[in-house]
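Participant: Generate a structure from the sequence data that follows.
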Amino acid sequence: MEYIANHPIYYHWWPMFTILLGTGCRIGEALGLRWQDLDFEKRVININHSLVYYPANGSNKCVLRVSLPKTDAGIRTIPMLDIVKDAFEMLYEEQKENGFNETEIDGMTGFIFCNRFGSVPNPQTVNHTIKRIANNYNADEVVRAKKEHRDPIILPNFSCHHLRHTFCTRLCENETNLKVIQSIMGHKNIETTLDIYAEATEKKKQESFENLAAKLDIF
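Facilitator: Here you go, the predicted structure:
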């Protein structure tokens, strides 16, 4: 995230990626957020719809449409972390100065995220941007590593879904109540939550034993 924040081209993507990584929202849920969905006083984000991107009727052109949650699990509130609140406030101040998003999608307005054309970005654009950023970072890292006489640390290919999975993994590492995790993530089935929780706790268990081994090495 520091690379994005300090990059002369990609810095304006920092708020979006901070919000994705700090909420665990699906990309469609994040892009569908409106200012009225935020409660800064209670510090919560209300998830009650998402945006989907698919071909218009009888056309090859794709459009964004509003999609309502298919299950009650999709309707939820997510606590607002400090850094996420900062990201939203940064976007609000920018739009207050440059103009708010006036895009209307299926009767909804007031969308938070806006591209340079004044419309809501689509999920493909966001994922393509992640790929470009990762490629640029890796190219810069190769140069840095060569100068520092070390092996480069290369980022793997990843997408918005990986940001959601990363958030869920970190949440599982810090929260033992599976129902709380399921509620925040909007998982329809507790089995999905259990799978990620088991993966996270297994990694944590391994780390704990590695730390224990170091402490037991008294000779």
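
Participant: give me the low-pLDDT residue ranges for this protein?
Facilitator: Along the chain, the parts satisfying pLDDT under 70 run over 209, 212-219.

Participant: Now do the contacts for residue 45.
Facilitator: By Cβ atoms under 8 Å, 6 or more residues apart in numbering, residue 45 lies in contact with 23, 25, 33, 37, 38, 39, 77, 78, 79, 80, 84. In short, each C-beta sits where N, CA and C put it, glycine included.

Participant: Am I right that the first one is in contact with residue 30?
Facilitator: In this case it means residue 23. Yes: the pair formed by residue 23 and residue 30 meets the contact definition of Cβ atoms under 8 Å, at 7.2 Å.

Participant: can you count the residues close to residue 55?
Facilitator: The local packing of residue 55 (other Cβ atoms under 10 Å) involves 10 other residues.

Participant: how about the spatially closest residue to it that is not a sequence neighbour, phi and psi?
Facilitator: Setting aside the residues directly before and after it, residue 55 is nearest to residue 62 in space (Cβ to Cβ, 6 or more residues apart in numbering), at 5.4 Å. Residue 62 adopts backbone torsions of phi -90, psi 150, taken as degrees, to the nearest 10.

Participant: Would you mind measuring from residue 62 to residue 125?
Facilitator: Look at residue 62 and residue 125: by Cβ to Cβ, to the nearest Å, they are 11 Å apart.

Participant: The residue nearest to residue 63 when sequence neighbours are not counted: neighbour count?
Facilitator: Spatial nearest neighbour of residue 63, chain neighbours left out: residue 56 (4.8 Å); criterion: Cβ to Cβ, 6+ apart. Residue 56 has 10 neighbours, counted by other Cβ under 10 Å.

Participant: What separation do you get for residue 56 and residue 119?
Facilitator: Look at residue 56 and residue 119: by Cβ to Cβ, they are 15 Å apart.
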